[in-house]
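Student: Please work out how this folds:
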Amino acid sequence: MKSELKPNVVGIDIGGTNSVFGIVDAQGNVLASNSIKTQAYPVLEEYINALGNGILDLIAKNGGIEKIKGIGVGAPNANYYTGNIEHAANLPWKGIVPFAKLLSEKVGVPVTLTNDANAAAIGEMKYGAARGMRDFIMITLGTGVGSGVVANGQLIYGHDGNAGELGHVIVRRDGRTCGCGNKGCLETYTSATGVARTAREMLQNRAGEDSLLRKIDLDKITSKDVFDAAMAGDAIAKDIFAFTGQILGEALADFVKFSSPEAFVLFGGLAKAGDLLLNPLKKAMDDNLMAVFKGKVKVLFSEMKDADAAVLGASALAWD
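Tutor: Numbering: from 1, shown residues only. Presented below is the predicted three-dimensional model:
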């Protein structure tokens with residue numbers, strides 16, 4: 001009865017650049033959406049005011065507040081248990097921010113939040129490739145590497161709300177320096193920025209070899225440049241993806257031992273590389289799986305549309 005009275009929710013994805021919000025129905029349709037620039041509001045109160053007013057305006061144009069069950073938020077360093085955003089490096093407000101409380105007071109409906117990768121996992125389970133799965137691991141391959149671990153149908157939060165930081169599992173001891181302060185984290189090799197880092201290293205190490213990537217300033221190479229070069233047949237670019245896929249595949253083989261997932265679901269800009277990444281990844285994963293797990297674990301790409309995925313993932317929180 002409640003869902004009939006309140007058939008919609010709001011999903012919010014807070015990124016370092018943009019904060020996107022939308023109204024979502026129970027079938028996963030984004031009915032309306034809008035955004036504000038996150039960095040335009042360095043003062044927290046001004047941001048909450050701008051975001052809240054934007055949401056209220058959208059709600060007013062789409063059936064009114066009485067149709068909204070709640071708000072779900074995906075944000076960096078967001079803690080599901082406390083409702084706080086805690087020490088987020090890429091957001092303008094530092095320290096511990098009681099985000100759920102402030103936004104709920106502004107808009108007048110319940111607010112639930114979690115970190116962005118966990119939100120993506122929940123969205124995938126409700127609307128995407130993991131529908132019907134009780135055990136899977138979401139891997140988000142963007143500027144960093146995030147993850148959400150679902151076991152027995154439940155997202156694993158850990159005792160303090162911070163579980164599932166697989167992007168910061170160390171895959172190369174004394175390897176590349178990571179923003180988290182450690183060295184050799186998976187994120188430093190298999191994120192979009194990690195791919196660009198590999199490109200710079202490989203171009204320097206293979207100085208005598210031609211590559212389309214040499215037409216670009218070394219410091220300006222992006223993962224998209226590497227993808228374009230690889231698709232054009234560039235040998236170094238293809239080797240960059242082979243290296244990236246190998247490291248990710250080895251890591252996934254290790255992650256299988258923890259929760260024996262039915263599948264890994266890959267999401268994010270780097271996942272668009274398709275077979276360039278998937279083929280070396282699957283080979284490395286298969287080569288490193290224990291015999292008991294071989295042939296049992298799928299690697300899938302997200303089925304959520306890019307434009308809606310972040311909002312959908314966050315909105316799924318609000319149905320609980």
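Student: rest of the way, CA atoms for contacts and neighbours
Tutor: OK.
Student: Does residue 250 touch residue 285 like I think?
Tutor: Yes - under the criterion of Cα atoms under 8 Å, residue 250 makes contact with residue 285 at 5.2 Å.
Student: Just want to know which of the two has more residues nearby.
Tutor: Per other Cα atoms under 10 Å, whichever of residue 250 and residue 285 has more neighbours is residue 285, with 25 against 21.
Student: how close does the more buried one sit to residue 245?
Tutor: 9 Å (Cα to Cα, to the nearest Å).
Student: do residue 116 as well
Tutor: For residue 116 relative to residue 245 (Cα to Cα), the value is 23 Å.
Student: again, but for residue 300
Tutor: Distance, residue 300 to residue 245, using Cα to Cα: 14 Å.
Student: Where does the prediction get shaky in the stretch 51-200 of the chain?
Tutor: Filtered on pLDDT under 70, the stretch 51-200 of the chain yields no residues whatsoever.
Student: can you rerun that using 80?
Tutor: Filtered on pLDDT under 80, the stretch 51-200 of the chain yields the residue ranges 89-90.
Student: which residues in it form helices?
Tutor: 99-107, 116-127, 187-190, 192-205 (DSSP state H, counting those that start in this stretch).
Student: thought residue 294 was touching residue 287?
Tutor: No - checked against Cα under 8 Å, the pair residue 294 and residue 287 is beyond contact range at 9.1 Å.
Student: so residue 264, which of the three states?
Tutor: strand (DSSP: H, G, I helix; E, B strand; the rest coil).
Student: who touches it in this structure?
Tutor: Residues in contact with residue 264, defined by Cα atoms under 8 Å, 6 or more residues apart in numbering, are 136, 137, 138, 139, 297, 298, 299, 300.
Student: out of the residues you listed, which are buried?
Tutor: With burial judged by 16 or more other Cα atoms under 10 Å, the buried subset of the contacts of residue 264 is 136, 137, 138, 139, 297, 299, 300.
Student: May I see the residues you listed organised as CSV, with distance to residue 237 added?
Tutor: Output for the buried ones among the contacts of residue 264, formatted as CSV (distance: Cα to Cα, whole Å):
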residue, distance to residue 237
136, 30
137, 28
138, 26
139, 23
297, 28
299, 23
300, 23
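Student: Which pair in the residues you listed has the greatest spatial separation?
Tutor: With distances taken as Cα to Cα, the most widely separated pair in the buried ones among the contacts of residue 264 is 139 and 297, at 14.2 Å.
Student: what sits against the nearest residue to residue 221 once chain neighbours are set aside?
Tutor: Spatial nearest neighbour of residue 221, chain neighbours left out: residue 196 (5.9 Å); criterion: Cα to Cα, 6 or more residues apart in numbering. Applying Cα under 8 Å, 6+ apart, we find residue 196 in contact with 221, 222, 223, 226.
Student: Looking at these, which one is closest to residue 317?
Tutor: Sorting those by distance to residue 317 puts residue 223 at the head of the list, at 31.1 Å, by Cα to Cα.
Student: so where's the longest helix in this structure?
Tutor: Identified as the longest helix of the chain according to DSSP state H is helix 235-259.
Student: what angle do that one and helix 192-205 make?
Tutor: On the basis of axes from the mean of the first three to the mean of the last three Cα atoms, to 10 degrees, helix 235-259 is oriented at 140 degrees to helix 192-205.
Student: looking just at contacts, which helices and strands does helix 235-259 meet?
Tutor: helix 187-190, helix 192-205, helix 223-231, helix 275-288 (3 or more Cα pairs under 8 Å, 6 or more residues apart in numbering; DSSP states H and E).
Student: how close does residue 64 sit to residue 55?
Tutor: To residue 55, residue 64 is 11 Å away according to Cα to Cα.
Student: ditto for residue 296
Tutor: 43 Å.
Student: who has more neighbours, those two?
Tutor: Between residue 296 and residue 55, residue 55 has the larger neighbour count (other Cα under 10 Å), namely 23 against 10.
Student: residues in contact with the more buried one?
Tutor: Applying Cα under 8 Å, 6+ apart, the residues near residue 55 are 21, 22, 107.
Student: Just the pLDDT at the residue of the chain positioned farthest from its centre, thanks.
Tutor: In the chain, counting by Cα atoms, centre = their mean, residue 208 sits farthest out from the average C-alpha position, at 37.2 Å. Residue 208 carries a pLDDT value of 93.
Student: residues contacting residue 67?
Tutor: The contact partners of residue 67, taken as Cα under 8 Å, 6+ apart, are 5, 6, 7, 8, 9.
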